[in-house]
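Visitor: Build me a model from this:
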Amino acid sequence: MNRALYIKATFAFAIVFISGALSGMMVKDVTDATEERKVPCKVTLSERMTAYLARELELSDMQVKQIAPFVDDTCALLEGIHKEAVSSASEAIEICHHEILPFLTAEQVKKLNQCETKRKEILELESGYQLQSSAECSH
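Guide: Okay, here's the model as predicted:
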């Protein structure tokens, strides 16, 4: 093998290697984005908030018991606000989708319906913003 051919082969190998690495990074980013949505954790917002406050403020067991009713009330209020906001947002999105239908092709309508199905699945999955980000759901 002469030197010029050796250089060309090395250069081609480097390009293929770099292309593969870049492709792998892009696939990883897409995969990571889709894996962010997991099964909702079973720990309630109240339990997570209490655990967070206890950890960050170094609360005693007695203090945790004393603040528990306030945390529970606040979380019930937050859950109501969240459900109302999700409902309003869903209604606005559905109105928008209905209004843009006349401007879409049949294929675009099909894709929009798929997007809507996916959005509803995500809402059901999240069910009260209890996404799982760690083994303990401590987010």
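
Visitor: Tell me where this structure has strands.
Guide: Using DSSP state E, no strands are found in the chain.

Visitor: what about it, any weak spots by pLDDT?
Guide: For the chain, applying pLDDT under 70 flags the ranges 1, 28-42, 126-139.

Visitor: Tell me how far the top helix by length along it lies from the chain's centre.
Guide: In the chain, ranked by residue count with DSSP state H as the criterion, the top helix is helix 61-100. Relative to the chain's own centre, helix 61-100 is displaced by 17 Å; criterion: CA atoms, centre = their mean, to the nearest Å.

Visitor: Buried ones in it, by neighbour count?
Guide: 67, 71-72, 75, 79, 97 (16 or more other CB atoms under 10 Å). The way it works is simple: take the backbone N, C-alpha and C, and place the C-beta from them, glycine included.

Visitor: Closest one of these to Glu91?
Guide: His97 (10.9 Å; CB to CB).

Visitor: Surely the closest one and Glu116 touch.
Guide: Yes: if you go by CB atoms under 8 Å, His97 and Glu116 touch, sitting 6.4 Å apart.

Visitor: re earlier: between the buried residues of helix 61-100, which sits nearest Met49?
Guide: Of the buried residues of helix 61-100, the one sitting nearest to Met49 (CB to CB) turns out to be Val71, at 5.3 Å.

Visitor: so how far is Phe17 from that closest one?
Guide: Remark: distance between Val71 and Phe17 (CB to CB, to the nearest Å) = 54 Å.

Visitor: again with Ser46
Guide: For Ser46, the distance to Phe17 - CB to CB - is 52 Å.
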